[in-house]
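Q: requesting a structural model of the entry that follows:
(one chain, ligands or ions: 1)
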Amino acid sequence: MSEELQERVEEERERASLDPEVAARRNAALRQVRQFPDPVLKTRALPVERFDDALRDEVVRMGHLMEDALGIGLAATQVGNLQRLLVYRVEQDSPVNALVNPVIEWSGDELETAEEGCLSLPRVLVEVERPVHVRVRAQDEHGEPLVIEASGLEARVIQHEMDHLDGVLILERTSRDQRKQAMRAMREAEREPERAS
Ligand code: ZN
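A: Prediction:
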């Protein structure tokens with residue numbers, strides 16, 4: 001299942017590279033996402049205390065940005081908002097999920113290593129080991145309590161986005177070799193900006 005979903009993400013990215021309209025929309029969305037080494041990406045976000053229209057508007061805005069960028073998750077810190085808020089969607093036709101003040105209540109002993117990308121690190125894919133099963137306690141955008149039992153790709157996305165809320169990037173979750181390769185890829189992308197996706 002999770003492999004199938006990962007393939008779907010790759011297919012969408014492929015489509016973006018072929019369809020100029022999709023690619024233009026993706027690039028416009030990515031310009032609104034903070035890119036490494038923006039210091040805000042290393043900053044810990046603060047708990048949300050007010051569940052107001054501004055918060056709900058931010059959830060909608062982040063959901064659209066994530067979709068346009070062809071991402072499957074986005075943390076508020078990535079758009080320069082230091083609130084403990086994230087959105088994600090791993091199934092193409094399901095609604096966008098918003099988690100406010102998420103906390104990992106339990107994670108299983110089983111670990112899995114898989115490649116992860118990040119909208120704040122274009123062109124970077126590194127292997128990250130994470131628990132396969134997690135239970136997360138959070139609130140929705142109205143302040144109602146939520147408990148999410150997630151496995152596979154969904155669990156991975158939630159943990160990736162929760163790392164962002166603590167100022168942690170996948171570069172810090174991978175091996176030293178992969179980190180070095182990623183840094184080199186980003187330096188090369190900077191030298192050839194017209195080819196950066
Ligand atoms: Zn990310």
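Q: for the closest residue in space to residue 185 that isn't next to it in sequence, give its distance to residue 8.
A: With CB to CB, 6 or more residues apart in numbering as the criterion, residue 185 has its nearest non-adjacent residue at 5.3 Å, and that residue is residue 123. Where you see a C-beta, it was placed from the backbone N, CA and C, and this is true even at glycine. Distance of residue 123 to residue 8, computed by CB to CB, to the nearest Å: 20 Å.
Q: for the protein, where's the lowest mean pLDDT among helices and strands?
A: helix 2-18 (a mean of 70; mean pLDDT, DSSP states H and E).
Q: residues in contact with the following helix or strand past that one?
A: Once helix 2-18 ends, the next helix or strand along the chain (criterion: DSSP states H and E) is helix 20-30. The contact list for helix 20-30 (CB atoms under 8 Å, 6 or more residues apart in numbering) reads 15-17, 65-66, 68-70, 119, 122, 197.
Q: of those, closest to residue 177?
A: residue 122 (20.3 Å; CB to CB).
Q: hang on, the closest one packs against residue 185?
A: No. Counting by CB atoms under 8 Å, residue 122 does not reach residue 185; the two are 9.3 Å apart.
Q: given the strand ranked longest in the chain, what are its sheet partners and their directions?
A: What stands out as the longest strand in the chain, according to DSSP state E, is strand 97-107. Strand 97-107 pairs in its sheet with strand 85-88 (antiparallel), strand 133-139 (antiparallel), by DSSP bridges.
Q: nothing else from me, thank you.
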